[in-house]
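Student: Return a 3D structure for these sequence lines:
(one chain, ligands or ions: 1)
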Amino acid sequence: MKCTACGSSALVEGTVKDTNGASVSFSLNDVPTLKAIFGVGNRKVQAYGCIRCHNLQFSVAFSEKDFERYQQFEGEQPDVLERINSDPKKLKS
Ligand SMILES: [Zn+2]
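Tutor: Take a look at the predicted model:
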(Lines give C-alpha, C1' and ligand atoms only; values in the text may rest on other atoms or scores of the structure.)
Protein backbone atom coordinates (compact mmCIF):
# COMPACT_ATOMS: atom_id res chain seq x y z
CA MET A 1 0.00 0.00 0.00
CA LYS A 2 1.11 3.53 -0.78
CA CYS A 3 0.19 6.90 0.72
CA THR A 4 -2.69 8.41 -1.26
CA ALA A 5 -1.34 11.91 -0.63
CA CYS A 6 2.39 11.69 -1.44
CA GLY A 7 2.87 8.20 -2.89
CA SER A 8 5.37 7.14 -0.24
CA SER A 9 5.38 3.55 0.95
CA ALA A 10 6.62 4.54 4.43
CA LEU A 11 3.32 3.73 6.12
CA VAL A 12 2.97 2.75 9.77
CA GLU A 13 0.09 0.41 10.57
CA GLY A 14 -2.18 1.24 13.49
CA THR A 15 -5.69 1.23 14.92
CA VAL A 16 -8.04 4.18 15.34
CA LYS A 17 -9.73 4.22 18.75
CA ASP A 18 -12.30 6.47 20.38
CA THR A 19 -11.78 8.19 23.76
CA ASN A 20 -13.05 5.04 25.56
CA GLY A 21 -10.43 2.93 23.85
CA ALA A 22 -12.87 1.14 21.55
CA SER A 23 -11.71 0.41 18.04
CA VAL A 24 -13.54 2.19 15.23
CA SER A 25 -15.24 -0.15 12.78
CA PHE A 26 -16.81 0.10 9.34
CA SER A 27 -20.53 -0.73 9.36
CA LEU A 28 -22.26 -2.00 6.25
CA ASN A 29 -25.41 0.05 5.54
CA ASP A 30 -27.47 -2.80 4.09
CA VAL A 31 -27.54 -4.86 7.31
CA PRO A 32 -30.92 -4.85 9.15
CA THR A 33 -30.92 -2.69 12.32
CA LEU A 34 -31.50 -5.61 14.71
CA LYS A 35 -28.54 -7.52 13.30
CA ALA A 36 -26.41 -4.38 13.34
CA ILE A 37 -27.06 -3.98 17.10
CA PHE A 38 -25.37 -7.35 17.63
CA GLY A 39 -22.37 -6.30 15.60
CA VAL A 40 -23.30 -8.05 12.36
CA GLY A 41 -21.95 -6.16 9.36
CA ASN A 42 -19.09 -4.53 11.26
CA ARG A 43 -15.69 -4.78 9.61
CA LYS A 44 -12.36 -3.96 11.16
CA VAL A 45 -10.78 -0.69 10.08
CA GLN A 46 -7.04 -0.65 9.61
CA ALA A 47 -5.29 2.71 9.79
CA TYR A 48 -2.05 3.72 8.09
CA GLY A 49 -0.08 6.82 9.00
CA CYS A 50 2.43 8.20 6.53
CA ILE A 51 5.81 9.02 8.07
CA ARG A 52 6.67 11.39 5.22
CA CYS A 53 3.59 13.68 4.99
CA HIS A 54 1.57 12.66 8.11
CA ASN A 55 -1.44 11.66 6.01
CA LEU A 56 -3.78 9.19 7.72
CA GLN A 57 -5.61 6.67 5.58
CA PHE A 58 -7.83 3.68 6.24
CA SER A 59 -8.64 0.32 4.74
CA VAL A 60 -11.55 -2.01 5.50
CA ALA A 61 -10.94 -5.67 6.31
CA PHE A 62 -13.64 -7.10 4.03
CA SER A 63 -14.30 -10.81 4.33
CA GLU A 64 -14.29 -13.31 1.50
CA LYS A 65 -18.11 -13.34 1.69
CA ASP A 66 -18.23 -9.55 1.31
CA PHE A 67 -16.07 -9.81 -1.77
CA GLU A 68 -18.45 -12.30 -3.38
CA ARG A 69 -21.51 -10.28 -2.36
CA TYR A 70 -20.31 -6.87 -3.49
CA GLN A 71 -18.40 -7.94 -6.56
CA GLN A 72 -21.41 -6.76 -8.60
CA PHE A 73 -20.27 -3.17 -7.99
CA GLU A 74 -17.35 -3.76 -10.29
CA GLY A 75 -19.97 -3.74 -13.03
CA GLU A 76 -20.21 0.01 -12.53
CA GLN A 77 -16.61 0.56 -13.63
CA PRO A 78 -17.39 1.01 -17.36
CA ASP A 79 -19.58 3.99 -16.45
CA VAL A 80 -16.62 5.66 -14.78
CA LEU A 81 -14.34 4.97 -17.77
CA GLU A 82 -17.03 6.21 -20.12
CA ARG A 83 -17.16 9.45 -18.19
CA ILE A 84 -13.38 9.89 -18.35
CA ASN A 85 -13.24 9.10 -22.07
CA SER A 86 -16.03 11.56 -22.82
CA ASP A 87 -13.93 14.36 -21.30
CA PRO A 88 -12.34 16.08 -24.36
CA LYS A 89 -9.44 17.50 -22.28
CA LYS A 90 -8.36 14.01 -21.23
CA LEU A 91 -8.41 12.70 -24.79
CA LYS A 92 -6.18 15.49 -26.16
CA SER A 93 -3.48 15.34 -23.48
ZN1 LIG B 1 2.34 10.56 2.51
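Student: and Gln71, helix, strand or coil?
Tutor: Applying DSSP: H, G, I helix; E, B strand; the rest coil to Gln71 yields a three-state assignment of helix.
Student: hang on, Val68 is in a helix, isn't it?
Tutor: For residue 68 the amino acid is Glu, not Val. Yes - going by three-state DSSP, the assignment for Glu68 places it inside a helix.
Student: What confidence value was assigned to it?
Tutor: If you check Glu68, the pLDDT there is 85.
Student: From Thr4, how far off is it?
Tutor: Taking Cβ to Cβ, to the nearest Å as the criterion, Glu68 is separated from Thr4 by 26 Å. No exception for glycine: its C-beta is placed from N, CA and C like everyone else's.
Student: Repeat that for Gln46.
Tutor: To Thr4, Gln46 is 14 Å away according to Cβ to Cβ.
Student: Comparing those two, which residue is more hemmed in?
Tutor: Higher neighbour count among Gln46 and Thr4: Gln46, with 16 against 10, using other Cβ atoms under 10 Å.
Student: residues contacting Glu13?
Tutor: The neighbourhood of Glu13, defined by Cβ atoms under 8 Å, 6 or more residues apart in numbering, consists of Gln46, Ala47, Tyr48.
Student: which one of those residues is nearest Glu64?
Tutor: Of all these, the one with the least separation from Glu64 (Cβ to Cβ) is Gln46, at 16.6 Å.
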